[in-house]
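J.: output the structure for:
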Amino acid sequence: MRSKSMNYIMNTKNWLKPLIFILIISLAGVGMIGIQTYVDAPPEATFKDQQGNVVFTKANIQGGQEVFHQKALMEYGSFFGDGAQRGPDFTAEALHLMTLYMMDYYVIEQTKKTGTEPDATGKMLINEQVKLELKQNNYNKEENFVELSPAEVYAYNGIVKYYTDFFIDDNDGVGFPPKDFIKSKESTANLATFYYWGAWVCVTSRPGETFSYTHNWPFDPMAGNTPTSPVILWSVLGMLAFVLMCGIVLYFIGQYNQLPNKFFKPPTRDLFTIDRVAKFTPTATQKATYKFFAVAVLLFFLQVCGGLVTINDFIHWLDAFGIHITDDVPVNISRSWHIMLSLFWISTCWIASSIFILPILAKKEVPGQLRLINTIFWLLVVLVGGSLIGMTLGPLGVMGKLWYLLGHQGWEFVDFGKAYQGLLMVIFALWGVVVYRGLKPAFVKGERWSLPKWIMYSVVGIPVLFLSGFVAKPETNFVIADFWRWMVIHMWVEAFFEVFITVIVSYLMVLMGLVSRNAAVRVVYFATILFLGTGLLGISHNFYWNAKPVATMALGSVFSTLQFVPLILLTVEAYRFKNMPRLAVGDVAHNQLGNFGFPEVFKFLIAVNFWNFFGAGVLGIIINLPIMNYFEHGTYLTINHAHAALMGVYGNISIAALLFASRLTVKHNKWNAKIVNFSFWSINIGLMLMVVLDLFPAGAIQFKAVVEQGLWFGRSSEFVDFGTFKALTYMRGIGATVFFAGGVVPLTYFIVSRWNSLKDRTTNILEMDAAITYEINHGITNEEEQEIEKEIEESELVNG
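T.: Alright, predicted model coming up:
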């Protein structure tokens, strides 16, 4: 029985049907969510009082949404829990204000009638009346209007005054928002209307249901928002699915581990030694990639600087040096830099590293590649420079009506102007052309599972998904537009980027002589099945609370939890991974182990494995179950997971790819392993210190505050700017200092300073073993399939 199941999985002839099945099921599920998002989206209607007078219109809601995006307020606070956490969650805050103002209205009315203010019992009864009123959905679908009670109209007027005071009248010009950031009271009124609409969506019952459009999120007992029974039910079922899938995967891991070591060992060559690294001669296109890497580390440096400026808005640490920057660079602008620069430098590393390996695979330079590569580089320069300028001037109002096209779109992780988004699409398309032209000579007819084919699949998938980002417009219903934003962010980060990372790691392992193509190709396939099988439908956990269809709760609870399963697989394989250099050397030449040519690269690859488990897995699963996510959504526990996963996984793999190419391109006598090793330990220790000293404990106490009083309190200035939370923010400085001063600065100096110390290029065929190219380019032959099946059967007989 074991032999049959293992033989089926290990045979590449059987791979296509499971992959197609996974894609069909996953894409059908995502398509269903998308269709229902349009059908069930909360209405942007005209809101009237009981006399039929218009209180506000759809145009006011859309006008407020435009102000929200134009001023990049999603990089200051959040909406439906998504966004930054320097400021409040505007939906939670507006909902709590709505409740308080409605209670005030009834207290005033009762006082007028009785002559005395209600006592505590009377106020409790009023609160119950307000809860019922808030839950009542008075939407008239035929005429597209919502009828508001007098108390709700009173609350709306109070909310408009509150935000007008916040942004204009009571603004002292210190911190965020700076003075005159929003100049028009009409703009603040529309903005308040948008927030009021968001609060209405959060509390009003969805038609035909007993809970709101957002499943009663955010938690606010005073408003009647508490967890629903589906939230608890699907949390239990999600955990059951997780345990079941873990058992299945661990069973097959046990079968996989019975394979003999020679299956994993590279059969045709020795380890890639220091001597072979020194003799390697780069081609013209490979040398051309070095400027990508130099610019990437400079962007990495600037990204961290953006983070340091952002954290200054919390603790004003720059004031100690006489630098008062918050008035000139508001936190929403500095955070936009921090977010987008992380995507820019990581993407630059991936583009350059994939281009670097093309001549190795093709065994030649493809004519015309150099011109295309240089074109991509200069387009990247324009993209980054233009985006930074636009993200600065757009929110400040300098760009006028061009704010959306050339300024700041206002969406977290899709901050840059629409024109620059289009430019990035052009860059991705050119990248695909370069990769295809470079890989075409390496394609072997009839072999769909070779490593060159895998990298082509992943490179095509990334820009195809990016097309989702062009659907929404500024006036698109926020709930619908947010669906398309997550189609880009989630599908990249938790599906196709994961596959791309696995392909790149596999390439590096084969190129360094650590693993055979047999093992590499199968690892890529298994990872693809698991990441796409859980990741595509796993998008649902981003839709729990932002007014998406009810079915997303069921899909998200199961598939989002299962996203941890591939990471368990990686962790189980960590021991074999850690010992790959020794395994590759074998019993014949242990002395070669200390002569391994890429020890620094290997360290960063091990770090990827660790952070994939701890950052993406452990810190991710604790926030994925619906009942946990209900309380933590919009808190620092999300930021904690994001920092550990983004930098820990994608940052480390990007640096590993950068160092692999640099090690082969920089002159041998100019390589400084001490600097690189010091940078490695500083970056990873610094990141861990930020998690342990601030991000996780701050998220934990904020979670406690939410459970006790509600999200509005956990995100309030009263909580964030005082006490333990602020003290922990100071503690983050310890990790940030280690990360930046000990890691980023030395790495940036090293890579940039070696720009003039590159090896001379060659126009000849690369001086690399032909076996390496064969190992990577070919799939698995029928003879090899039969040999593997035989080895499996023999190993099972030996193991009983």
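J.: can I see the domain layout of the protein?
T.: Split into domains by automatic domain parsing, the chain comes to 48-70+90-217, 230-792.
J.: what is the mean pLDDT for the first one?
T.: Rounded to a whole number, the mean pLDDT of domain 48-70+90-217 is 95.
J.: for the last one, same thing?
T.: Along domain 230-792, the predicted local confidence has a mean pLDDT of 87.
J.: looking at the domains of the chain, which is closest to residue 35?
T.: For the domains of the chain, the distance to residue 35 is smallest for domain 230-792, at 8.8 Å, taking C-beta to C-beta. Using the backbone N, CA and C atoms, a C-beta is placed for each residue, glycine as well.
J.: show me which positions of the helix or strand containing residue 733 end up buried.
T.: Element membership for residue 733 (DSSP states H and E) is helix 723-737. Neighbour counts over helix 723-737 (16 or more other C-beta atoms under 10 Å) mark 725, 728, 729, 731, 732, 733, 735, 736 as buried.
J.: for the residues you listed, which one is nearest residue 53?
T.: For these, the minimum distance to residue 53 (C-beta to C-beta) is 43.6 Å, reached by residue 725.
J.: hang on, the closest one packs against residue 699?
T.: No. Contact criterion C-beta atoms under 8 Å: residue 725 and residue 699 do not qualify, at 9.8 Å.
J.: all helices for the stretch 601-750 of the chain, in order.
T.: For the stretch 601-750 of the chain, applying DSSP state H, counting those that start in this stretch gives helices covering 619-621, 626-632, 636-645, 652-665, 673-690, 696-709, 711-714, 717-720, 723-737, 745-753.
J.: need these in TSV with distance to residue 166, can you?
T.: Formatted as TSV, these follow (distance: least, C-beta to C-beta, whole Å):
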stretch	distance to residue 166
helix 619-621	33
helix 626-632	26
helix 636-645	23
helix 652-665	40
helix 673-690	30
helix 696-709	21
helix 711-714	14
helix 717-720	11
helix 723-737	21
helix 745-753	38
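J.: residue 340: which of these is closest?
T.: In terms of C-beta to C-beta, the element of these nearest to residue 340 is helix 636-645, at 14.3 Å.
J.: send me the helix holding residue 733 as CSV with only the CA atoms.
T.: Provided in CSV are the C-alpha atoms of helix 723-737 (Å, rounded to 0.1, in the frame of the first residue of the first chain):
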residue,chain,number,x,y,z
GLY,A,723,1.7,53.2,29.3
THR,A,724,3.1,49.8,28.4
PHE,A,725,2.3,50.0,24.7
LYS,A,726,4.4,53.1,24.2
ALA,A,727,7.2,51.7,26.4
LEU,A,728,7.4,48.6,24.2
THR,A,729,7.6,50.9,21.2
TYR,A,730,10.8,52.3,22.7
MET,A,731,12.1,48.8,23.1
ARG,A,732,11.7,48.1,19.4
GLY,A,733,14.6,50.6,19.0
ILE,A,734,17.0,48.0,20.3
GLY,A,735,16.2,45.5,17.6
ALA,A,736,15.9,48.2,15.0
THR,A,737,19.4,49.5,15.8
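J.: other SSEs contacting it?
T.: helix 290-315, helix 673-690, helix 696-709 (3 or more C-beta pairs under 8 Å, 6 or more residues apart in numbering; DSSP states H and E).
J.: which stretches of the chain form strands?
T.: 46-48, 54-56, 78-79, 82-83, 139-140, 145-147, 408-411, 414-416 (DSSP state E).
J.: adjacent strands (with direction) for the first one?
T.: Right, the one you point to is strand 46-48. The pairing partners recorded for strand 46-48 under DSSP bridges are strand 54-56 (antiparallel), strand 145-147 (parallel).
J.: repeat for the fifth one
T.: Using DSSP bridges, the strands paired with strand 139-140 are strand 145-147 (antiparallel).
J.: skipping its backbone neighbours, what lies nearest residue 420 in space?
T.: residue 387 (4.8 Å; C-beta to C-beta, 6 or more residues apart in numbering).
J.: no further questions, thank you.
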